[in-house]
Structures are given as C-alpha cells and as structure tokens.
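1. sequence and predicted model, in that order:
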Amino acid sequence: MSTIENQLVTVTVNGRTYERAVEPRKALSDFLREDLELTGTHVACEHGFCGVCNILLDGQTVRSCLLFAVQVDGASIETVESLAAPDGTLNALQQAFNDNAGLQCGYCTPGMLMTAKEYLDANPDGGTDDQIREAISGVLCRCTGYQQIVESIRAAASAGKGA
Amino acid sequence: MKPAPFTYHAPTTIEQALGLLASEPDARVLAGGQSLVPRMRLRVEKPATIIDINRVVGLDGISVDAGAVTVGALVRQQTLVTHDGVAAVHPLLREAGSYAGFHTTRHRGTVGGSIAFAAPWAELAATTTLLGATITVRSTKAQRTLAAKDFFLGPNQTALAADELVTEVQFPPAPAGTGFGFHEASPRYRDYATAAAAASITIADGVCSSAALVLLRAAPTPLSIDVASMLVGRVVDDAAIEDVVQSLAGLDPPTDIEASGAHRRRLAVTLTRRALADAWVNAQEAVA
Amino acid sequence: MEIEQDPNASRIAGDTAPGDAGLRWIGKSINRVEDPRFLRGEGRYIDDITLPNMLHAAIKRSPHAHARIKSIDTSKAEALPGVVRVLTGQDVKEHANPLPSFSMNPGIQHDMIAIEKVRHYGECVAVVVAENRYIAEDACDLIEIEYEVLPAVLDPLKAREEGSPLVHEALGKNEAYSRTFSFGEVDKAFDEAARSVTVDLYWPRSTGMPMDTNGAIGDYDAGTGVLTIHANSMNFTYFLWLIAGTLKIPSAKLKIVPVVAGGSFGSKFFMHKVPTFAGWLSLMVGKPVKYIEDRVTHIVNNDHAGSDRRYKAELAFEDDGTFQALRIDCVDDYGAYLQFGVGTHGNALSQICGPYTIDHVEYSLAAVLTNKNQQGAYRGFGAEVSNWILERLVDHAAHDLGMDRVEIRRKNLIQADAFPYRTPTGNIYDSGNYPGVLDKVLADFDYDYWVKYRDDARKEGRHVGIGVVASQERSVFSSTEFWFWFDEPAFSPTSSPESASIQIEPTGQIVVTLHSQAMWGNSPETVVSQVIAEEFDVDPTSVVITYADSQHALPGTGPGGSRYTVMVSGAVAGAASQMKDKIKRIAANKLEAAEGDLEFRDGGVGVKGAPDKQLSLSDIAMMAYMFKLDLPPDMESGLATQWTYDHPLTTLPNADRSDLGMFYPFVGHAWHMAVVEVDPGTGRVEFLRYSAVHDAGTVVNPKTLNGQIIGGTVQGLGTAMLEEYIYDDQGRVLNENFEHYHLPSSMDVPTMTIGHQETPSPYTAYGIKGAGEGGRMLTPAIMSAAVEDALSPYGVRITSLPISAEQIVAWAAGD
C-alpha cells in the first residue's frame, strides 16, 4: 500500500473556520466527530441508508457519511451543535422536541433535527403531517415510531408563527 | 466500515478530469457519491484513485429550449426534480425523479452519476430511455453521443469506456398532446425500486398517435416494450391496456434478495396498467 | 386468591396509596429531564468518548457459517504501519476463559474469538488493534485464513435428526434442551371440548437493531491492576463477576462504567461480548482500546438476535366460543450459542393464556442449535411471539365458528373481580379490568363504523381489513424464569433487585444515584425526578441524577423485561421513606413539633396548618452536615440514605414444575384495533385508522408512556411486515446492511390514537406496572389479522411473518 498524503481542508462549521490536514478517505462524519471534536453528529449505518448523520452543507441536508472531508474544502456546514444558544438554551425546534417527546434514546435526534430545520426553513407554516412525514422519511428512528417527532416539528412551526 | 485508502484528485476543468481518467488505471469518478461511496464503505469497491469531478466547471447547467431539455452531468437530482421549467415540458422527470431516494440524497446525487452508475433501479435510466434522450460522453480523444437505449448494457454496465465521462444528457421535446405515467413499487417508501413502469402516450384526433413504455427491473436493463404497435390509432381503454399486459407474459425478470422474478413479473403488469392509464388521462389533459 | 407479600415491599407502597388521586407529580406529562443534553448533541454515547492514547479495534468476520480454521496468517496485517497487535483464537485460548452463558450446558462453549472452528457467518476469527479504525480495517483485509468448510446446520428440524452435522461436537447433538410442561388436564380438556383448531406458525429471526450499536472502551491500569470498561451495556453490575471470570481477573479489579446507549430493545441486555472483548484487548496491549460494532457486525454478530420459532399450536373451545385448553409445541432455532438458556420461553409462560380464562395448558419446547448468530433478548423476550401465537389461534377459532373477533375475545376475558388471578402456570396477574379496556378501545375506535366501512369498501373492490387484538404485558421478571426449566437450579435464585441512593447536600440539593445502566431511550431520570418530586414536593427539574460505576454500585439489575420504572420507583421510594423519616426527626426536634404533624411542602418540611413553622431542605441539611448539636441527640451527621428494592412479589416453583410460582406478576393489558387498506397489485399496506388503549397501572408520565407504546408498536410493525434475517443455502446472511435489512420509515407507519385505563397494581410503589414492551406485543398479531381480513376474498390465512409485499401480491394472484 502506497503512502497517501494528507490534504489540507479549510471549512466553516457552525460559523467557525477550521483548517485541518486529513487523509483523503476520511469521511466527513468522522472528520466532524474526531478532528473537530463535534460528536453531536452520529453515525448509525455508515453507508448512507439511515440518515442519522444528516448535516447541512451550504444550507442543504446531506449524508455526512457519504462525503469525504476533502470534498468540503471551502464549504459551510451546520451541525446539531449550532442550534442551541451559547448558554445552552434550546432553540424553538429543540424545545418543541422536548415538549412533545420527539426523542427517546436521542441517537438519531441530531440528524432528525437538522432535517427538520431544513424543512421548516422552507416551510415555515409547517405544512401537513404528510409533508412532515415525507420530509423526515430519509432519517430512521428506532425508538419513537415517528409520531411524536411529527408532532414536535408541527409544534415548532406553530411556535414560529406565534413569534 | 471505513473505505480503503485512495489517491484523491479534484480537477476543476473537464480536460483535467479526462486527462486523469485516461492516465489513472484504477480510478473511479466521484460525482454525488450516493452509490459509489456505500460500496467503498462496504469495501466492495477499493479504487486506487478517486477523481472527484464536483469542482469541474461547466457541467452543472440546465437549459430548456423549445421543449428540449439539456442537463449537465453534475446537475443534482434534486435540482432537476424541482426545476419548474423542466417540469413544464417533461413532467415525467419530476414525477419519476422524486422516487430516486430522498431529497437529502438527491442534494448530492447527480444526473450524470446516476446514468453512469446504471443501477438497475435507476429511474433516470427509465426516463432517458422512454423519452429518447441522448447521452454525450467525452474522453481526451473524442466526444460521442449515444441514444439512451444503446447506453445501458446491464446492471451497472454501460457503453461508457473506461476513459470516458458523461458530460450531458439531452431530452428531445415531447410532441404536443403527450401525457406521462410513472409507477414504482418498493419494500418501503423510497427504497430502491423492486419494479417500475414509465409510460408516455400522445393523442392526436382523439386516439393514440404514439406511445412508449419502459419497465425497470423486468430485465437486466431498462426494458422498452413496443406498445405503439398495440395502441396507435386506439383509445387507450382497459381493453387496449390489457392487450399490452398480454404481451408481458413472456417477461423473465431477475430474482435477487429483494424479490423473485415471479413477483417482479406481477409488479410489471400492475405498474404497466397504472402507468398507461395515467399517461392516457394526462394526455387527454394535455390536448384539452 | 390470597397473596402474602414481602413486608418490606408493602412498606414502600405505603406512603402514597396506589391510584391515590392526590398524587402531585406522578401522572404528569412533564418534559423529560434527559432531553436537553441529547438535543444539544451532548449525549456522550460510547463512540463520542476518547481516552488518551486510545487504540481502535476491528474484527475479521467469518465468511462461512460453519468451517474449521486450518490456518491463520496475520503477518501481513501485523506489518502494516499503524497496527499494534493482531489476535486470534489461540490468544483467547491462552489468556481468557469462555464467555459467560446461562445455558447450563458445558458442551456449548462460546469464546470471544472462534478457536478451532467458526459456528456462524460473521463470527469473529481475528481482531486487529491499531492506531485508528481505518487502519484496523485495512489490516483485517490482509489477514489470510484457510478454512475447511463444513456443512452448515441451518434447518432446526433437520438439525434434530440423527446424523446431522453438529454445531458443538462436545454436546453430541444439536438439541440443547427439550421438555414438556403440563398444567391442568390438557388431554382431557381437548377430548371433551366440542371443537379445536390447529395451526402451524412461523416467527422469523429479526433483531432489536438500535441506531447505536454495541460498543465499549477497555482501559487497563497496570499500576493498580484495575481494568475499567466503559460500555453501553444495560446490566453492568448484575453480571460483572461473570465478565471478570472470562477475563481471568478478580471482580474487585474490574470497574464497569455505564455509558448512555442509543437504544437497545434487548440488543444490549447483558451485552457480554463487546465489553468483555474491549476489556481483554486493553489487557493484552496495555493501552485503552475502543471497540464499536459497525452496522454489518451488529447485524451478523450482535449479542442478541430475536426469537426464531416454528410452532404447532392448538386451541380447544366450545360451540359458543368458550376456550378450554391450549397446546403449544415449539422448536426454537437458537443459533450457534445458548447465551440466555431458554429464558425467552420462561417469559412466554408468564402470560401464555393471555387475558383469557384457559385452565389447561401444555407447552413443549425444543431448543435447537444451528449455524446462525445466537439468539438472546428482543423487546418482548419471547412473550411477544407467544401473544402472536395465541391471537392467531383465537382468530382461527373465530373463523371456525363464524363468530365476531371482538365477541369471541370478550366472552373469554378474565373478569374484573377475579384478581389477583392465578394463571395455569402459576404466575399471577395482579390486577386488571380487561372488559373496561375493551369498552374504551371500542368507543375510541368506533368498531361498528369501520365494520360498515370495510364491508362497503369491499363491495367496491377495495381491500380493506380490520384487526382487533388483545395482549397482556407482564412486567418485572423474577430470575426464576431462567432456571425453572431445570430440575436443579445451577445458581441460587435471585430476586433481581434494584437500588437507589439519595443524598441531600448542605445546600438542599437532592442528588439521586442510580445503580444500573444510564439510559437507553427509557426515561430513568425523569421517572426518578417525578418520584422525588412526589415525595418531597420539590420541582422535579431540580433533582440531580448520577450513576454509580460498578465499584460503587449497590445491587442492581438494570432495565429489561419492563421492570425498570417499577423497580427504580420502589427503590427511590424506599430511600425517600428513610430520608423523610430522618428529616422529620430533625425538623420535629428543631421546630418542637410532633413528627406526625409535619408535612413535606414547597421544597421543605413544615407543621401542618402553620405556614410560618417551616424549614427548608437546606436548613435541615445544613444542620445534618454542620451542626450536630441541632440534631436529635442519638442521630449521627449526614443526610444520605440508600435502599435496595427486591422483587416485591415472587415465589419459587414447585418441585415437579406443575406450578412455576409467581415470576412476572405485574401485568398490564392492552387492546389495539386497526384498519388497513391493502393494494393487492403492489402489496403496499396503508393505515386508515389505528387505535390503542393500554392499562399499565398507575401512569407515571403519559407523554413518555405514549412514546413507548408508539415506538413499540412501530417496532412490532417492522417484525410483522419487513424484518427478517435472510440466509442463503450456505448460511450466509444476505441482508447484512441497511440497504437490505429494512426498518420502518416515517412513511410506512400509522398515526395512532392512544388511550389509557389505570388499574393500579396493589403490590408496587404507587401502583405502577411496566410498559416498555407492550406495543411490540400487539402489532404482529394485529397486522396478521388486518391483512388477513383485507385479503379474505382470497381465503388467505396468515401463518408466518413477515407479511411481505411479495407474499401479498402472490396471494392476490391466487398463488
């Protein structure tokens, strides 16, 4: 096996710019978790079928396990760590999940939250329950059966309207 | 489930990309990565070199001109699916395209990647075939354009040579009075298709003037059924559709872990009925 | 019947009577106190933890189901830069003992790494420890193994035959256990009954499949000789000594630190392989080693696959629908090892007759070994399978009689005045009002409306079907279920206790320490906060919860068998009762009041009727820690109590096992009703209506209970419609990843309505019953019933799972 040189990656994550040298094969999910110590993004299947590792890349959800870190050079990324206020106060979406039992074990929750955030940014009125279900259909949750997640996202939309 | 090591190149011009493709013996082109990277994760594929074309300039355009649609290879599937101009002339690209994975995977997955990867469940393989699309491919030596029907040779097999890159897909205009239908079956919502059917019917003077049907997973490649010979000149009613269904009796679809060939044959019948019925209704709307 | 209860247990339940309408905090849908850290991405799951100088392990999995290992060449792997050590079965043989097992069968040996032969696809044959996981996997690819492939034992029926290849030569056969239990006069009842139905049924192997796989970090300190293992296992104190035995170290030198688990559903219940492995690797290399199952390894080599059972089941009944007797013959495919013995059938025997009066039961079990990954625990622990069997039999009986499926069930329900009810096996049902739950679900569901809807739809050629099923939900196991199978228990009976400690700091801060695994998606911290709030009238969000590691833990069993909420509530209530006694004595002394005149109010203690005569918890605690002279003269300083809560209601089996004793006595009850529409062309099943009513005794937190019910229901839906291990004829698992192992998505599941009836348990703190598994007890049965009803024009009888789209389409096509 030949030696493969690390490559320099500059990336903005949650508003902070990082520069790191990484092996080309390093998955973005591992890069976030290991090199940047942002362990809020979880992996569950590592081959693109569960959506648990979903993050926002330049504003759009992507599976972070299916990207290599070298590919995001110059990009802007948002992860679950971006949601709460610096003092830890939950944002409206997180609070809605807390209020509506939108999580149990919490493992898929970061992927679910980032996917829900993308949906609500595009559909601030929340849309229908079917639309919410379709929006999160690419993220698997083994605990909740999804119903209280749907209720959480709907509640977050209502909270946004009231604000 | 970590990929094996590889050397990474991120060319920014098509010439650079083609040059690498010509010179690197064990290279894979990385576009959206939604099919390739899972296989690398499982170490089913261990390419020595990755040529990441995501930074190549000039491959991500969409143009709609007099009903014809030209799509660059790097256009994201979600961009194609949500493009109103495309949907206005080729609603099938939105309808069928929305079955391809989830919006999150379509954010990365590219049109060219799907076509070049040629998964047997790829909706784009069906729609390019049905719509008579042409696929432009380039190498350092030459550029050529292939009809979709000649491009797909088998599961994950295409007419693409090792040094060639898909650069563009052109969809010709649909005749006036054309309607489309698309139906797909999968184990869960938006799993890879167990089977799918795409149909188009054009109406002139109240009867079918042209028609096409493409089945996915009824054969190793997208399978075009010669429905025109059965439908042209007719009102496409239940009897007409049943004539088409009769012609499917000899289908011998593949068996795999997700379904038996017998199941796929039944699905092909059901989905054909539904796709043709929808296409007829939509064609009637198109002429109204 | 009369039931005598452990006096300690009744003391726990004493302060607040079951079902007491005066409960302040128990019964409220407070927000989970666990949530914020998970919502912020600060959950600290096992793979989020990094120790200094930590190495990473990956395993080389067997590509064969059954093969002799002829040679292993690790030299190329060892030469790869970044590789620290490559270990094989020979290293295990030299340095470790076999993994622990409850099979009570010395012929079945299970090692961390296969030693001479591999017994299932995916079994570990070598392990690489390297600087990072990428390199560890690279090195796995470089290990060269020569196998002599042996015929794989895959069919449990053929495996029982003479001459079958053997999974374990030392056992001399593949049938690890067989026995018939008989309760009542079964043959006579079948002879005398007017009718009977007999059905062959098959329940396929699937698994809990949490999103977070099993993982552990071993951290050996050569200086102290202490091995610390961080693990997302559930039962770290319960089985600590067994893991120490495998590792050949004194259990006093083993410290297991519980780590939050991203789901278990049985997969991490006594997770023995992974933490033992991580600990052993650290012992071998002298540095911290992280070992996390990747998804493929979790699927093919996890600690616990679910049941895999073939049944012949018979129900005897009268012309009017009255049930008389039940006869069940089960061959259970346990796979290559017998980790948990046949405890999953003990579980089934706790509620084998469901909510129905059936006095005569025969239960035959053959536990067979095959070349598949071992079976263990999966939400329901075997009782979800027996409920499917029973409800299928009841539907068949209704069909045989032409009787309405609700009416035949109603006719046989145990009546509300029959509790505590002794079942034929000896287990009791503590309390219930089953007709009440039925009436509630009928009203919520509007059964008559949907019957008419279905019939009208059918006339239009639509395939609409209704399912109605009931289930018991036994909760809080006693460990007798693991050994009553044998005439002589191999270990002494244990009561499976749970402990809690309460400390009130000088500031008045209440800190509760738990002694079982942290959290796996249940709500231990919320439950404990609500119980503390109930007892001390404090804000539940003010309570601090900590977890003891195994070196500091009191006896604990951990979650499993829907026991944790009941048991931890009892433990906290016990510790709170002691704490309140001490606080009252301090307050009475200081306030010069009688203890009986004191009450806990507003975060302190005060004299009833005298609002100004009050001390805060801080006042009390300050005295307790700092001002000994303010305390009653005979009281020592400090303000901490602890309580170990034993199973409050368990008895031993009798000698001939015609009475298994009380071993799973807090029994909830539920009904689900659903309407589906089946697309016979594609096999797609859509839900038109789904209604559930559960009685889990006193509800602690309706919001979280609903979550458990919905989640369990959807998981059962996966079992019913999608999930199974698919093997080829060589025993290789074909769906070893998430592309092909299909979990339900948000678009494949119903939106449910949920109702509750509360019939408190007379025997537990606050009358709580367990409720973590109920949903999954019902869905396989309801989907079978509803799809069968929808496909009734084709005369379909559903006898195996999953009900695949392919099967539905084939039925509709007349195959």
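-> Here it is on my side, so go on. Numbering: from 1, shown residues only, chains lettered A, B, ... in the order given.
2. what residues does the stretch 251-400 of chain C have near chain A?
-> C:260-263, C:265, C:294-295 (C-beta under 8 Å from any C-beta of the partner chain). Just so you know, the C-beta spots here come from the backbone N, C-alpha and C atoms, and that holds for glycine as well.
3. near chain B, which residues of chain A?
-> Checking chain A against chain B by C-beta under 8 Å from any C-beta, the hits are A:1-2, A:4, A:7, A:23-25, A:27, A:30, A:46-49, A:51, A:54, A:57, A:60-63, A:65-68, A:70-71, A:115, A:135, A:137-138.
4. return a PyMOL selection command for the buried portion of the residues you listed.
-> Buried residues within the residues of chain A next to chain B, by 16 or more other C-beta atoms under 10 Å in any protein chain shown, are selected in PyMOL with:
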select buried, chain A and resi 7+23+24+25+27+30+46+47+48+49+51+54+57+61+62+63+65+66+67+68+70+71+115+135+137+138
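5. let's see which of the residues of chain A next to chain B end up in helices.
-> A:30, A:115, A:135 (DSSP state H).
6. the worst-scoring helix or strand of chain A on mean pLDDT: how far from the chain's middle?
-> Ranked by mean pLDDT, DSSP states H and E, the helix or strand of chain A with the weakest confidence is helix A:147-162, at a mean of 89. Centroid separation between helix A:147-162 and its chain, computed with C-alpha atoms, centre = their mean, to the nearest Å, is 18 Å.
7. so which bits of that helix are buried?
-> Buried residues in helix A:147-162 (16+ other C-beta under 10 Å): A:147-157, A:159.
8. outline the domain layout of chain B.
-> B:7-52, B:62-171, B:178-287 (automatic domain parsing).
9. tell me the pLDDT of residue C:103.
-> Residue C:103 is assigned a pLDDT of 76 by the prediction.
10. now it. Nearest residue, chain neighbours left out?
-> residue C:338 (3.5 Å; C-beta to C-beta, 6 or more residues apart in numbering or on different chains).
11. what's the burial count for that neighbour?
-> 25 (other C-beta atoms under 10 Å in any protein chain shown).
12. contact partners for residue C:330?
-> Counting by C-beta atoms under 8 Å, 6 or more residues apart in numbering or on different chains, residue C:330 touches C:309-311, C:345, C:363-366.
13. cool, and residue A:134?
-> Contacts of residue A:134 by C-beta under 8 Å, 6+ apart are C:746-747.
14. any chance of the domains of chain B in JSON lines, with mean neighbour count too?
-> JSON lines is the format used below for these (neighbours: other C-beta atoms under 10 Å in any protein chain shown):
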{"stretch": "domain B:7-52", "mean neighbour count": "19"}
{"stretch": "domain B:62-171", "mean neighbour count": "20"}
{"stretch": "domain B:178-287", "mean neighbour count": "21"}
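15. in chain A, which residue sits closest to chain B?
-> residue A:138 (3.0 Å; C-beta to the nearest C-beta).
16. for the residue lying closest to that residue once chain neighbours are set aside, give me the pLDDT.
-> Once flanking residues are discounted, residue A:138 sits nearest to residue B:102: 3.0 Å by C-beta to C-beta, 6+ apart. The per-residue pLDDT reported for residue B:102 equals 97.
17. then residue C:670?
-> For residue C:670, the pLDDT comes out at 98.
18. and it, how many neighbours does it have?
-> Look at residue C:670: counted by other C-beta under 10 Å, it has 30 neighbours.
19. I'd assumed it was in a strand, is it?
-> Yes. Counting by DSSP: H, G, I helix; E, B strand; the rest coil, residue C:670 is found in a strand.
20. quick check: the gap between it and residue C:434.
-> As defined by C-beta to C-beta, to the nearest Å, residue C:670 lies at a distance of 10 Å from residue C:434.
21. which neighbours do those two share?
-> residue C:470.
22. test my guess that residue C:238 contacts residue C:556.
-> Yes. Taking contacts as C-beta atoms under 8 Å, residue C:238 lies within contact range of residue C:556: 6.7 Å.
23. list residues touching both of the two?
-> With C-beta under 8 Å, 6+ apart, residue C:238 and residue C:556 have common neighbours residue C:516.
24. can you tell me the SS state at whichever residue of chain A sits closest to chain C?
-> Proximity of chain A to chain C (C-beta to the nearest C-beta) peaks at residue A:40, 2.0 Å away. Using three-state DSSP, the structure places residue A:40 in coil.
25. ok, back up a step: so which of the contacts of residue C:330 are in strands?
-> Of these, the ones assigned to strands by DSSP state E are C:309-311, C:363-366.
26. save those residues as a markdown table, and put in neighbour count too.
-> Converted to a markdown table, the ones in strands among the contacts of residue C:330 look like this (neighbours: other C-beta under 10 Å):
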| residue | neighbour count |
| --- | --- |
| C:309 | 26 |
| C:310 | 19 |
| C:311 | 23 |
| C:363 | 22 |
| C:364 | 16 |
| C:365 | 22 |
| C:366 | 23 |
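27. okay, now the domains of chain A?
-> Taken from automatic domain parsing, chain A resolves into A:7-82, A:92-162.
28. can you put the ones you listed in CSV and add distance to residue C:99?
-> What follows is the domains of chain A, written out as CSV (distance: least, C-beta to C-beta, whole Å):
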stretch, distance to residue C:99
domain A:7-82, 26
domain A:92-162, 26
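29. nearest to residue C:156, out of those?
-> domain A:92-162 (27.9 Å; C-beta to C-beta).
30. how many residues are close by residue C:180?
-> Other residues close to residue C:180 by other C-beta under 10 Å number 13.
31. thinking again about what came up before, which stretch among the domains of chain A comes nearest residue C:424?
-> domain A:92-162 (33.9 Å).
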